[in-house]
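>>> Below are the sequence and a predicted model; questions follow.
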Amino acid sequence: MIEAIVFAITIVLPNLALMGLGFFMQRRGEASQAFIDQASSFVFNYCLPCLLFFSVVDSEVDYGKQFTLIVAGILVTFILFIGAELYAKRFVSRPADQGVFVQGVFRSNMAIIGLATVANAYGERGLSIGAVYMGVVTILFNILAVITLSRVSKSVDDTWVSRSTMIIKKLFTNPLILALLAAFTYKALMLPPLTGVIHTTGDLLAAVALPLALICAGASINLKSMLHPSGLSMQASIGRIVVAPMIAIAVGLAFGLSGVHMGVLFLMVASPTAAASYVMAKAMGGNDILAANILAFTTVVGMFGMAIGAATLRVLGWM
């Protein structure tokens, strides 16, 4: 039991410490909104793509086992999406709230908190497996997010064709997806390993990705939103922090996952609501205040939920 608690603290505490540093910097005026925006853009467009590309290229992952994990992740995502849609249809009256609620439940922060926690738990091997998982499920996240948020639009020009075009454009201009596609292509072509200056430069950029992203996440926390959540944001937060991890565990067990694969599934699904959910909600006319409340509350509280869940799974021998 002590070992399981230490394991949980080890994988979560570094992330909380870096987020706390970001929050501290923001409170002292050392991390302005301009800094957060620029640093986040730098991480998203350059550092994270390098991290994902080299994680996959350098890995010796068994893609047969990976396939089962990805199918399990897709199933978990659809269960959460459909369940949240049915709940929102019955209990959430305003269209501007419905899509934001649904997105807050099914869309987790895999690229930053999920990957960072997996790396803390399993090192390079876990990072490689998590990168492949994230690449596939991120595509699904974007498609489902556009579908659920599009109910808000009243524009005549907003048709299924325009929405489909927007989804395709988002997918093929997403640096993370492009990096993963490039990495899979590189491995499929059996090209020689990347070494020397290229790999060293990529490693330096990759090393910056997760620490800087976590600092920016901490600096973006809105304390007022976190401490005064609305009833609807609390319901969405329960869906993300409690319901989502439980479904991940049930599906993982049903698929026979264990060890690192169960750990990756749980940590990716149990991560707080994705930061991109706020950006997309605001861009598509959703209730951005509700999105901010869900994001703030799950970002902090969700980390403790991940620690409790990881410790429990460790004790049971499932992770």
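Received, thanks.

>>> Could you give me the buried positions within the helix or strand where residue 148 lies?
If you go by DSSP states H and E, residue 148 is part of helix 115-149. Of all the residues in helix 115-149, those buried under the rule 16 or more other CB atoms under 10 Å are 115-122, 125-149. C-beta here means a position set from N, CA and C on the backbone, and glycine is covered the same way.

>>> Please state the offset of it from the chain centre?
6 Å (CA atoms, centre = their mean, to the nearest Å).

>>> same question for it, mean pLDDT?
Mean per-residue pLDDT for helix 115-149: 86.

>>> Can you name the element that comes right after that helix?
Heading C-terminal from helix 115-149 (DSSP H and E), you reach helix 160-172.

>>> Who are the packing partners of that next one?
Helices and strands touching helix 160-172, by 3 or more CB pairs under 8 Å, 6 or more residues apart in numbering; DSSP states H and E, are helix 115-149.

>>> Just want the angle from the helix it packs on to helix 160-172.
170 degrees (axes from the mean of the first three to the mean of the last three CA atoms, to 10 degrees).

>>> can you give me the strands for the chain?
Counting by DSSP state E, the chain has no strands at all.

>>> okay, and for it, where does confidence drop off?
61-65, 151-160, 163, 167, 225-227, 229-230, 279, 283 (pLDDT under 70).

>>> Could you rerun that using 50?
Applying pLDDT under 50 to the chain flags residues 154, 156.

>>> those helices in the stretch 201-319 of the chain, which residues are they?
223-227, 231-238, 244-254, 259-270, 276-283, 288-316 (DSSP state H, counting those that start in this stretch).

>>> okay, those helices, which one's buried deepest?
helix 259-270 (a mean of 25; mean count of other CB atoms under 10 Å).

>>> so what does it touch, helix or strand wise?
Using 3+ CB pairs under 8 Å, 6+ apart: helix 259-270 touches helix 63-91, helix 115-149, helix 244-254, helix 288-316.
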